[in-house]
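**Q** Model the structure of this input:
(one chain, ligands or ions: 1)
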Amino acid sequence: MFIMNTSLSNKTFLPVPSGIDLYVSQRKKNFNSRNRFCMSANNRHFFVGGNWKCNGNKRSILELVELVNGIHVERNTGVEVVCAPPFPYLDLVRSTLKKEFGVAAQNCWIAGSGAYTGEVSADMLLDVGVEWVILGHSERRHLPELHESDETIAQKTEKALESGLGVILCIGELLQERENGKTLDVCIRQLNAVAKVVTDWQKVVVAYEPVWAIGTGKVATPERAQEVHNAVRQWFRNNISTQVADKLRIIYGGSVNGQNCGRLAGQRDIDGFLVGGASLKPEFAEIVLSHRLSPKSV
Ligand SMILES: O=C(CO)COP(=O)(O)O
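**A** Below is the predicted model of the structure:
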């Protein structure tokens, strides 16, 4: 884990996006008592995950690793970076990606090893050095061929945590659910299923990914995303504990890119991103560096 670095003076990051630099200095000027409160009350470590989904081949995966390795995130700075390649490349990525960056699988099985043809257990992931697993992604919940239920996701979460993996738990509503004002009902239903099996939230990152924003180019407005993140945190405060609510990282996913990451990162309850399409491109670097725009970093 890195320790939060609130200093912006040491800019040795490459490549340095000029737009972000301008924005950072503006925000630094605007630094006010509200930000000060955020910094002391919510000491959460910014988290940026790249979900590479079912993309790539050996050559392009190695190119991506090179790209991520080129992002100069100094030790002890305020961002944790995790890459999630498809299963066949996990070992390759773990052995070529810098050690300060984490590796996540995009799924795992509900049980240990055994007669489960085609499945991959959490223990196998740990065995090849994987630290995280993405569970509950909307593509696994909603693709008709997969259709994972809340209960299956809870079982997977329980097994992954018990084995020692960290879990990036995705929640989020469909467009129709959003239009019917059901966003929070859906998120809370999904959280409730998993909350029954989680005893230690320290190794869980919640990713709010509204389904209508995934791969569509329709990003949630920063204000809307903040509203949902805040409500989810409030749910944790009321139903789990204040301590968990204050420490839990709630990251946003859905059409995040180099242009919109700055304003999203500036919201006080957005603690990072889970990035799909843009994690396959050089702009992933800008998204990682946007941690400097977080109220906790400015
Ligand atoms: O599904 C996502 C991350 O898990 C988001 O995908 P996009 O960033 O491509 O919208």
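**Q** Looks to me like residue 274 is in a strand.
**A** Yes - Residue 274 sits within a strand when classified using DSSP: H, G, I helix; E, B strand; the rest coil.
**Q** I'd like to know how many residues surround it.
**A** By other Cβ atoms under 10 Å, 27 other residues sit near residue 274. (Each C-beta comes from the backbone N, C-alpha and C, glycine too.)
**Q** Walking through the stretch 51-200 of the chain, point out its strands one by one.
**A** For the stretch 51-200 of the chain, the strands defined by DSSP state E, counting those that start in this stretch occupy 79-84, 102-105, 132-135, 166-171.
**Q** residues in contact with the last one?
**A** Strand 166-171 has contacts (Cβ atoms under 8 Å, 6 or more residues apart in numbering) with 49, 82, 84, 102, 104, 131-138, 153, 157, 160-161, 186-187, 190-191, 194, 203-209, 232, 251, 253, 274.
**Q** near the ligand too, which of the residues you listed?
**A** 137, 209, 253, 274 (Cβ under 6 Å from any ligand atom).
**Q** mind putting those residues in TSV, pLDDT and distance to residue 90 included?
**A** Output for these, formatted as TSV (pLDDT from 0 to 100; distance: Cβ to Cβ, whole Å):
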residue	pLDDT	distance to residue 90
137	98	16
209	98	22
253	97	20
274	98	17
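**Q** The residues you listed into CSV, with extra columns for distance to residue 143?
**A** Converted to CSV, those look like this (distance: Cβ to Cβ, whole Å):
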residue, distance to residue 143
137, 10
209, 14
253, 16
274, 17
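**Q** List the contacts of the closest residue to the ligand within the chain.
**A** Going by Cβ to the nearest ligand atom, the ligand is nearest to residue 276 of the chain, at 2.2 Å. By Cβ under 8 Å, 6+ apart, the contact set of residue 276 is 51, 53, 214, 215, 253.
**Q** from what I can see the third one touches residue 253, true?
**A** Yes - under the criterion of Cβ atoms under 8 Å, residue 214 makes contact with residue 253 at 7.0 Å.
**Q** Pull up the overlap in contacts between those two.
**A** With contacts taken as Cβ under 8 Å, 6+ apart, residue 214 and residue 253 have 172, 276 as neighbours in common.
**Q** Which one of the two is surrounded by more residues?
**A** Under the neighbour definition other Cβ under 10 Å, residue 214 and residue 253 were set side by side, and residue 253 has more, 27 against 21.
**Q** can you tell me which residues contact the closest residue to residue 93 other than its chain neighbours?
**A** Sequence neighbours aside, residue 85 is the residue nearest to residue 93 in space, at 4.7 Å (criterion: Cβ to Cβ, 6 or more residues apart in numbering). Contacts of residue 85 were listed using Cβ under 8 Å, 6+ apart, and they are 52, 56, 61, 64, 92, 93, 103.
**Q** Repeat that for residue 134.
**A** Neighbouring residues of residue 134 by Cβ under 8 Å, 6+ apart: 49, 51, 84, 104, 105, 106, 107, 168, 170, 207, 274.
**Q** same thing with residue 294?
**A** 46, 78, 265, 266, 270, 271.
**Q** for the ligand, what are the nearby residues on the stretch 151-298 of the chain?
**A** Checking the stretch 151-298 of the chain against the ligand by Cβ under 6 Å from any ligand atom, the hits are 209, 214, 215, 253, 254, 255, 256, 274, 275, 276, 277, 278.
**Q** how about 8 Å then?
**A** 170, 207, 209, 213-217, 253-257, 274-279 (Cβ under 8 Å from any ligand atom).
**Q** Show me which of those residues are buried.
**A** Burial by neighbour count, judged by 16 or more other Cβ atoms under 10 Å, picks out 170, 207, 209, 213-214, 253-257, 274-279 from those.
**Q** Next step: the residues you listed restricted to strands.
**A** With DSSP state E as the criterion, strands contain 170, 207, 253, 274, 275 from among those.
**Q** Just give the nearest non-adjacent residue to residue 162, would you?
**A** Per Cβ to Cβ, 6+ apart, closest to residue 162 is residue 122, 7.8 Å.
**Q** ditto for residue 223
**A** Counting by Cβ to Cβ, 6+ apart, the residue nearest residue 223 is residue 267, at 7.8 Å.
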